[in-house]
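Colleague: Provided below for reference: sequence and predicted model.
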Amino acid sequence: MKNLNIKLLLILLVALLALAGCSSTSPSEEAQDPERTFTSEELSEYNGKDGNPAYVAVDGVVYDFTELELWVNGDHNGFEAGKDLTEEIKEISPHGLSVLDRATVVGTLEE
């Protein structure tokens, strides 16, 4: 009976350790913190060039466009990532705000 209790305890500990390892956040998850605030200068560093992510601000919200297939190297139809493109997306772009449904929120833009 004592051996059975020890075995069950060990199984429980292994399971808890495995679950704890699964719940830790990776560096890429930490980078996508919706609570993060960007200045315009900080946002400009995320222009999609030289391996940097492509971030775009719209209405004060910063989105990650890196994985959007048409935003190669942070460029799309003359628009560049790393900027506030609120007017461009709302007024010029044919898809308008619908592109935001495919992007991840990574923070807000400081005014």
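Modeller: Done, it's in. Owing to the predicted nature of the structure, the values given are computational and were not obtained by experimental measurement.
Colleague: switch to C-alpha atoms for all contacts and neighbour counts from now on
Modeller: Fine.
Colleague: can you show me the helices along the protein?
Modeller: Using DSSP state H, the helices of the chain run over residues 2-22, 27-31, 40-44, 86-87.
Colleague: least reliable of the ones you listed going by mean pLDDT?
Modeller: Of all those, the minimum mean pLDDT falls on helix 27-31 (a mean of 40).
Colleague: from D64, how far out is T108?
Modeller: 11 Å (CA to CA, to the nearest Å).
Colleague: an error on my part: the question was meant for L85.
Modeller: 13 Å.
Colleague: again, but for F38
Modeller: 13 Å.
Colleague: more neighbours: the two, which one.
Modeller: Just comparing F38 and D64: by other CA atoms under 10 Å the higher neighbour count belongs to D64, 23 against 19.
Colleague: so what's the more buried one closest to, chain neighbours aside?
Modeller: Y55 (4.5 Å; CA to CA, 6 or more residues apart in numbering).
Colleague: any residues in contact with both of L85 and D64?
Modeller: V56 (CA atoms under 8 Å, 6 or more residues apart in numbering).
Colleague: which elements pack onto the strand ranked longest in the chain?
Modeller: Longest strand in the chain by number of residues (criterion: DSSP state E): strand 104-109. Other helices and strands packing on strand 104-109, by 3 or more CA pairs under 8 Å, 6 or more residues apart in numbering; DSSP states H and E, are strand 37-38, strand 61-64.
Colleague: low-confidence ranges, this protein, go.
Modeller: Across the chain, the ranges flagged by pLDDT under 70 are 1, 4-5, 7-10, 12-34.
Colleague: if we can go back for a sec, the longest strand of the chain pairs with which strands, and in what direction?
Modeller: strand 37-38 (parallel), strand 61-64 (antiparallel) (DSSP bridges).
Colleague: starting at the chain centroid, how far to the longest one?
Modeller: How far strand 61-64 lies from its chain's middle: 8 Å, per CA atoms, centre = their mean, to the nearest Å.
Colleague: likewise for stretch 101-111?
Modeller: 8 Å.
Colleague: first-to-last residue distance for it?
Modeller: So stretch 101-111: terminal residues 23 Å apart, CA to CA.
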